[in-house]
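Visitor: Return atomic coordinates for the entry below.
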Amino acid sequence: MAKVKQICEEKLRPIIEEMGYDLVDVEYVKEFDGMNLVFTIDKEEGVNIDDCERVNKKIDPIIDELNPTGDQPFTLVVSSPGLDRPLKSDRDFRRNLGNEVVLTLFSKLDGQKVFEGVLKDFDEKTVTLEIGKDTKTFEREKVANIKLVIKF
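Guide: Residues are numbered from 1 along each chain as shown. Below you'll find the predicted structure:
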């Protein structure tokens, strides 16, 4: 399954980016209806159904030619990441500097696993939040996920 994801990311990322979208993730997952090959795309202004359809039409024949699943049947799905998706890439972090986030650790630090604050900085090894008047830096390898705080 990891091979399917790797092949698709490697071959299709440039095509999707050339269309003006970010390829956030590729998953090859078993669902109730069988195997799904899921491409999650994004762009600055957000993604709508027309964007998903446009990318689907572009990559569908290429995937057929690549045959990453070795003739195993699957359903191709192109979707937006949604408002509550985790921040994963440096591009996600860069785009959300200054925004309020919730950071969850794999294990407790100073007696807690969940921290809420403003995303102030990041690099390949760390993420820094401003929590009230304090600044706290976390090792990225210890972070389970980081999501935007959604306020309505």
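
Visitor: tell me the centre residue of the protein?
Guide: Nearest to the mean C-alpha position of the chain, by Cα atoms, centre = their mean, lies residue 24 at 4.0 Å.

Visitor: burial count for residue 4?
Guide: Around residue 4 there are 20 other residues, counting by other Cβ atoms under 10 Å. Glycine gets a C-beta too; all of them are placed from N, C-alpha and C.

Visitor: I'd say it and residue 37 touch.
Guide: Yes. Assessed by Cβ atoms under 8 Å, residue 4 is found in contact with residue 37 at 7.0 Å.

Visitor: okay, and the common contacts of the two?
Guide: 28, 68, 69 (Cβ atoms under 8 Å, 6 or more residues apart in numbering).

Visitor: now the helix or strand of the chain with the lowest mean pLDDT: how far from the chain's centre is it?
Guide: Between all helices and strands in the chain, the lowest mean by mean pLDDT, DSSP states H and E belongs to helix 90-95, at a mean of 85. Distance, stretch centre to chain centre, for helix 90-95: 11 Å (Cα atoms, centre = their mean, to the nearest Å).

Visitor: Identify the neighbouring strands of whichever helix or strand comes after it in the sheet and state each direction.
Guide: Next along the chain after helix 90-95, taking DSSP states H and E as the criterion, comes strand 100-109. Partners of strand 100-109 in the sheet, by DSSP bridges, are strand 112-122 (antiparallel), strand 143-148 (antiparallel).

Visitor: For the very next helix or strand once past the longest one, which helices and strands make contact with it?
Guide: Read that as strand 112-122. Sequence-wise, the next helix or strand downstream of strand 112-122 (DSSP H and E) is strand 126-131. The helices and strands touching strand 126-131, judged by 3 or more Cβ pairs under 8 Å, 6 or more residues apart in numbering; DSSP states H and E, are strand 100-109, strand 112-122, strand 134-139.

Visitor: List of residues touching the second one?
Guide: Under the contact criterion Cβ under 8 Å, 6+ apart, strand 112-122 has outside partners 90, 93-94, 96-107, 127-132, 135-138, 140, 144, 146, 149.

Visitor: same thing but 6 Å
Guide: Contact partners of strand 112-122, identified using Cβ atoms under 6 Å, 6 or more residues apart in numbering, comprise 93, 96-97, 99-105, 128-131.

Visitor: and what of the shortest one?
Guide: Applying Cβ under 6 Å, 6+ apart, the external contacts of strand 134-139 come out as 126, 127, 128, 129.

Visitor: Noted, bye for now.
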